[in-house]
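S.K.: fold the following and give me the result.
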Amino acid sequence: MAKRGANPVERQSADLVKENVARLQELFPEVICEGKVDFEKLKAALGRIVDDKPERYSFTWAGKRDAIRLLQVPSRATLKPCPQESVNWETTKNLFLEGENLEVLKLLYKSYAGRVKMIYIDPPYNTGNDFIYPDDFADPLERYLEITGQKDSEGNLLTSNPETSGRYHSTWLTMMYPRMFVARQLLCDDGVILVSIDDHEVANLRLLMDEVFGDENFLAVFVKRRRMATGMRGDPISPDHEYVVAFAKSRANVTLYGATKRDLEYPYQDKKSRYRSTDLTVGMTKKMRPRQFFEITNPHTGKTYLPPDDRVWRFQPVTMQEHIDAGNIIWPDDFSERKMKRPRFKTRQPSDESDQPTKPVSTWIESNGNSEDSDDRLSLSAGMNQEGTKELKELFGAQVAEYPKPVSLVRSLIELSTGSDDIVLDFFAGTATAAHAVLDVNHELGSSRRFIMVQLPEPTPVDSTAHAEGYPTIAEISKERIRRAIKGVARKGEGKLNLAPTSAPDDRGFRVFQLDESSYRQWHGVEDRDAQKYTDEMALFTDPLLPGWKPEDVVWEVALKEGYGLSSTVERISPQRHEGTNTDNSSCLSAFVVNNTVYRVTDADTAQSFLICLDDKLTAETAKALKLGKEDLFVCRDAALTDEQAANLALQCKLKTI
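M.R.: Modelled structure (predicted):
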């Protein structure tokens, strides 16, 4: 128990049920009685909106209650920093989080709720051979530690979901539901989630996302060709396509930017800008659009042109004349060598990313090189899955993973749905294709998008190429891919002039954190009703930190559970003894005899910071030197304070103790 005046630090992730009840209380305070929801009062408050019929439309499956129950269990784990596995730890804002994704998402909730612009995931397709993580509804962390070999386990652990299990679809849905629920909380109001899937679960995925996100927030099911070759011989059908299911946090707030076209896609240039040659007609007849069937004249030669009989011009007369006057029409006489029969249009390259048009997006994802925008819509493009296989093999020199998504697919989706400073999250990171795509987009567009990758350390088969190449888990492949992608981006930039000196340089790094047990002692109770055993158990909690705890681990755990992002900076303040007094009224500690180590944690994204001291005893000199104000948060160990110090600090600042 914390000393009088001090509050205890958070020891687990946010309680989602408690937060939902709080939101309900804001809307309907009359329905909350002693912290409980009175459903009869809630039904009365909602009036005729309540559906109390015995039969109604619903989506359910065996295990749904377990999935909801799992969602309601706060995480008692933590994310421990791994600077030695990271690249440019001190400066990067990119994150790679190694661990079970539901536990990680719960831990991210307090820091990142409402901040993520785009979520892309490529979850298990449930083909029968996928790794389906076996959630434990009693103790999720314990199961994670077992399955990753950090603790001994008895019995066989489920690693696949064969159809013979009897709950083939239900097991998959139970796994997906809580993860999608927390993911929705992380999206900002104009955020989107895009999920790759194939025919095995596309129908169930759509129903699941309707329930979690609301069917009113459905955006599209994009269709992508994944291969040219036919499927297995003997199968009457060759499934050559797959899907990307897209939902919005709030459809009314969504803006889609369109894939940014690069210089190579604008091969021509005039005095104004680079441009592409596009069709000046649309597929409407004269009868359908009579105002768009008219004669136009080349002002330089006097030649006149009509559209074909079965088409009309893209523009009505007034708009067409404006484009003619602006020099936006390509006339056949301008390029006689091209043997043009009719005029075409100059689609100009946007001068800035923010100038990208916000036209409707086609749900057909074209093969690379075949996309062509029109005045009516945008068209995405992506390589087939063999492109992803080739990319990975070129990076590693060996085929270390099967069927990774091509970078071009995720890059198109990133450019479609994010701006230059947005956060991209992938909590089924696999081989980190999404991280690779973010690095490429930032380098090519000069943007500052950042990524958060989450990947379970799923073991690679012992007889696989990956295992032979020294990658015991998928997470190890992911981290190495990001390192190699960073080096590739650096090579692309060698020898090139920086044409935009005011823009920030690429973020060529990432921080690694690993899911692990908390540094706090956990109360496990006593099975026998034995007073001495209770006394012995309670005695352990005189120090709430586990033996062997590390200061950096505790600092990051406090930061995360207090709502600070993982890209925060941690500055160690360890001043030396100085004689004399402080004459400059600064907040430095060096004017006093200070025997404590203090850390300052700063989250630049949210403009908040706190100070933390983990020493066994806090000296009076340190407390005085910190010059804490009413709005300052100070964290220390409860045992480090006397009752008098705790009372004084609680009056001086926001005090929390461990």
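S.K.: okay, G388 and T92: tell me how far apart.
M.R.: Counting by CB to CB, to the nearest Å, the gap from G388 to T92 is 25 Å. (Each C-beta comes from the backbone N, C-alpha and C, glycine too.)
S.K.: show me which of these two is the more surrounded one.
M.R.: Each of G388 and T92 has its neighbours counted (other CB atoms under 10 Å); G388 has more, 24 against 17.
S.K.: assign the more buried one to helix, strand or coil.
M.R.: Put simply, G388 is helix when judged by DSSP: H, G, I helix; E, B strand; the rest coil.
S.K.: just S408 next, same as before
M.R.: Under the three-state scheme (three-state DSSP), S408 adopts helix.
S.K.: what does L194 give?
M.R.: Going by three-state DSSP: L194 is strand.
S.K.: number of nearby residues for it?
M.R.: 23.
S.K.: partners of it in the sheet?
M.R.: Taking DSSP bridges as the rule, L194 bridges to Y120, A246.
S.K.: so it touches S412, yeah?
M.R.: No: here L194 does not reach S412: they are 10.3 Å apart, not a contact under CB atoms under 8 Å.
S.K.: contacts only, for the closest residue to V454 other than its chain neighbours.
M.R.: Distances taken as CB to CB, 6 or more residues apart in numbering put F427 closest to V454, at 4.0 Å, once the chain neighbours are dropped. Contacts for F427 (CB atoms under 8 Å, 6 or more residues apart in numbering) come out as N101, V104, L105, I119, I121, R179, A183, V454.
S.K.: so what's the residue count around the last one?
M.R.: Neighbours of V454 under the rule other CB under 10 Å: 27.
S.K.: in three-state terms, label it for me.
M.R.: When classified by three-state DSSP, V454 comes out as strand.
S.K.: same question, the third one
M.R.: For L105, the reduced secondary structure class is helix; criterion used: three-state DSSP.
S.K.: and of the contacts of F427, the nearest to Q269?
M.R.: The nearest member of the contacts of F427 to Q269, counting by CB to CB, is I119 at 37.9 Å.
S.K.: got the contact list for the closest one?
M.R.: I119 sits next to A183, L186, L187, G191, V192, I193, L194, V424, L425, D426, F427 when contact means CB under 8 Å, 6+ apart.
S.K.: dump those residues into a markdown table; add secondary structure as well.
M.R.: Converted to a markdown table, the contacts of I119 look like this (three-state DSSP):
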| residue | secondary structure |
| --- | --- |
| A183 | helix |
| L186 | helix |
| L187 | strand |
| G191 | strand |
| V192 | strand |
| I193 | strand |
| L194 | strand |
| V424 | strand |
| L425 | strand |
| D426 | strand |
| F427 | coil |
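S.K.: can you list those residues in JSON lines and add distance to A246 and pLDDT?
M.R.: Listed next are the contacts of I119 as JSON lines, based on distance: CB to CB, whole Å; pLDDT from 0 to 100:
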{"residue": "A183", "distance to A246": "13", "pLDDT": "97"}
{"residue": "L186", "distance to A246": "16", "pLDDT": "97"}
{"residue": "L187", "distance to A246": "12", "pLDDT": "96"}
{"residue": "G191", "distance to A246": "11", "pLDDT": "96"}
{"residue": "V192", "distance to A246": "6", "pLDDT": "97"}
{"residue": "I193", "distance to A246": "7", "pLDDT": "98"}
{"residue": "L194", "distance to A246": "5", "pLDDT": "98"}
{"residue": "V424", "distance to A246": "14", "pLDDT": "98"}
{"residue": "L425", "distance to A246": "15", "pLDDT": "98"}
{"residue": "D426", "distance to A246": "15", "pLDDT": "98"}
{"residue": "F427", "distance to A246": "17", "pLDDT": "97"}
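S.K.: among these, which two are most distant?
M.R.: Of all pairs drawn from those, the greatest distance, 14.9 Å, lies between V192 and F427 (CB to CB).
S.K.: next SSE after the helix or strand of the chain with the lowest mean pLDDT?
M.R.: The helix or strand of the chain with the lowest confidence, counting by mean pLDDT, DSSP states H and E, is helix 531-540 at a mean of 55. Downstream of helix 531-540, the next assigned helix or strand under DSSP states H and E is helix 551-561.
S.K.: quickly run through the sheet partners of whichever helix or strand comes after that next one, with directions.
M.R.: Using DSSP H and E, the next helix or strand after helix 551-561 towards the C-terminus is strand 569-573. Counting by DSSP bridges, the strands paired with strand 569-573 are strand 598-603 (antiparallel).
S.K.: partners of the following helix or strand past the partner strand, with directions?
M.R.: Downstream of strand 598-603, the first helix or strand assigned by DSSP H and E is strand 608-613. Here strand 608-613 is paired, per DSSP bridges, with strand 598-603 (antiparallel), strand 633-636 (parallel).
S.K.: bridging residues for the residue nearest the centre of the chain?
M.R.: Geometric centre of the chain, nearest residue: L425, 1.3 Å, by CA atoms, centre = their mean. Beta bridges link L425 to I119, I452, judged by DSSP bridges.
S.K.: fine, thanks again, bye for now.
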